[in-house]
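[1] make a model of this:
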Amino acid sequence: MKISKDVIKAALKEKFATALKSESPDAITDALTEFADGIQQDVLADFETYKPTQNAEILTKRGIRQLTEVETKFYGAVIKAVQTGDIKAAFTGVENAFPQTVIDSVIDDIKLNFPLLSEINFQNTSTLTKFVVNKKGVQLAVWGALGTAISKELEGAIGKVDLTTNKLTAFIPISKDMLSAGPAWVDAYIRAVLAEANAGGLEKGIVAGTGNNEPIGMDRNVADDVTVTGGVYPQKAAIVITDLKPVTYGGIAKTLATGPNGRFRAVPEILLVVNPADYFTKIMPATTVMTPQGTYAYNVFPYPTKVVQSAFVDAGKAIFGLASRYFMGVGVGGSGGKIEYSDEVRFLDDERVYITKLYGNGMPLDNNAFVLADISGLTAANLEVAVTNVVKTKEQTA
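    Below you'll find the predicted structure:
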């Protein structure tokens, strides 16, 4: 029996996610190249199926974009580099770095297909090496004289994120068959690889990054007085919760509403990040109730909540937070985004494997923006019914 492409792709994605969690360079490289080759086969199959059509709407649904002049020249150089094996000569007169518009498109693809990355403050920082952020969430404009105390307060509220510290590497095998498809299809393939590969690495860093050559995760302690050892931020102490009743949930929301220096802030919605297994065995039973009509209502929280499943959250744990208070910037940076031949990976004879590196960094903007919880003892929800005594009249008892 022939296995569907979707099943194969899901298996490859799971293998890649497992490799990322293992942190084994060899396992990550093998899984990524195998996954990229799977994407390539999908794109080539679509090319053969849809090449007779020039219907822009149909091609757009298959991920085929109308390329700009700069993008066409860039992918033309990529094709020439694969054909000749000489990257330097192929890119003569053409900048060997992904055009910013391609990175914009990759980020749009990531936001569309990866829920967590669509929720946070995720930006293309291709032309930047540092990014200024408002760490304390305070109003950065003041009325009246600018005194010393206010100046000091504003200075402490501004932080800089170094975007060149960490790099994400993607392996891209390119076959001779792919070259004949042309620049627009090569673009679709490379964007798909970059989106899938970088999204996995980004999500891992955003959820549980240590800060050592990777982003600082939501589950990390970023208090001003925290002790950072070897670049590693310690994990937050998990609060133990056994239910998601209003009082418990209100306590979590109060922490999120307490900004730096004790200033309070609005909490329009809470982001809940949990691994898929715990969602179905812990969160779903705790937030699913039967209505009087006999149907089930799920994701019933005491306060507006957006649930996102992520394989990178530890078993028995969950993260509650303010999505907008996590900043992530990614782009080609200073010298990133270049296509380079890699001799680190062996693949099929009719393919060459290239690598490209994107730079980025991310962090929670304050320590109260995210709360790590121990949900191992979370209990299922029960519909509580209050019964009151009713005094019956003589007519009712008759």
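[2] contacts only, for Lys204.
    For Lys204, the contact set (C-beta atoms under 8 Å, 6 or more residues apart in numbering) comprises 20-21, 214, 312. For every residue, glycine as well, the C-beta is placed using N, CA and C.
[3] what about Thr60, how many residues nearby?
    For Thr60, the tally of surrounding residues (other C-beta atoms under 10 Å) stands at 11.
[4] check Gly294 too.
    6.
[5] and it, helix, strand or coil?
    Of the three states, Gly294 takes coil according to DSSP: H, G, I helix; E, B strand; the rest coil.
[6] one more: Leu271?
    Assignment for Leu271 (three-state DSSP): strand.
[7] please name the nearest non-neighbouring residue to it.
    Ala323 (4.3 Å; C-beta to C-beta, 6 or more residues apart in numbering).
[8] so where's the stretch 1-150 of the chain shaky on pLDDT?
    Applying pLDDT under 70 to the stretch 1-150 of the chain flags residues 1-9, 12, 126-150.
[9] for the nearest residue to Phe370 once chain neighbours are set aside, name its beta-bridge partners.
    Spatial nearest neighbour of Phe370, chain neighbours left out: Gly321 (3.5 Å); criterion: C-beta to C-beta, 6+ apart. Following DSSP bridges, Gly321 is listed with bridge partners Leu271, Phe370.
[10] tell me the pLDDT of the nearest residue to Met218 once chain neighbours are set aside.
    Once flanking residues are discounted, Met218 sits nearest to Phe370: 4.3 Å by C-beta to C-beta, 6+ apart. Listed pLDDT for Phe370 reads 97.
[11] so who does Phe370 touch?
    218-219, 236, 256, 319-322, 325-326, 364.
[12] make a PyMOL selection of the buried ones in the contacts of Lys204.
    Buried residues among the contacts of Lys204 (16 or more other C-beta atoms under 10 Å), as a PyMOL selection:
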select buried, resi 20+214+312
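[13] show me which of the contacts of Lys204 is closest to Thr242.
    Phe312 (24.0 Å; C-beta to C-beta).
[14] which SS class is the closest one?
    Strictly by three-state DSSP, Phe312 counts as coil.
[15] show me what contacts the residue nearest to it when sequence neighbours are not counted?
    Of all residues not flanking Phe312 in the chain, Val207 sits nearest, at 4.2 Å (C-beta to C-beta, 6+ apart). By C-beta under 8 Å, 6+ apart, the contact set of Val207 is 116, 217-219, 273, 310, 312-313, 319.
[16] SS state for the closest residue in space to Ala181 that isn't next to it in sequence?
    Among residues not flanking Ala181 along the chain, Phe47 sits closest, at 4.6 Å (C-beta to C-beta, 6+ apart). For Phe47, the assignment made with three-state DSSP gives helix.
[17] which stretches of the stretch 1-150 of the chain form helices?
    Using DSSP state H, counting those that start in this stretch, the helices found in the stretch 1-150 of the chain span residues 5-22, 25-50, 56-61, 69-84, 87-90, 100-113, 115-119, 148-157.
[18] adding distance to Ala197, write those out as TSV.
    Formatted as TSV, the helices of the stretch 1-150 of the chain follow (distance: least, C-beta to C-beta, whole Å):
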stretch	distance to Ala197
helix 5-22	8
helix 25-50	6
helix 56-61	22
helix 69-84	17
helix 87-90	20
helix 100-113	10
helix 115-119	13
helix 148-157	35
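[19] what's the closest of these to Pro304?
    helix 115-119 (13.2 Å).
[20] next one: the closest one to chain centre, how far?
    6 Å (C-alpha atoms, centre = their mean, to the nearest Å).
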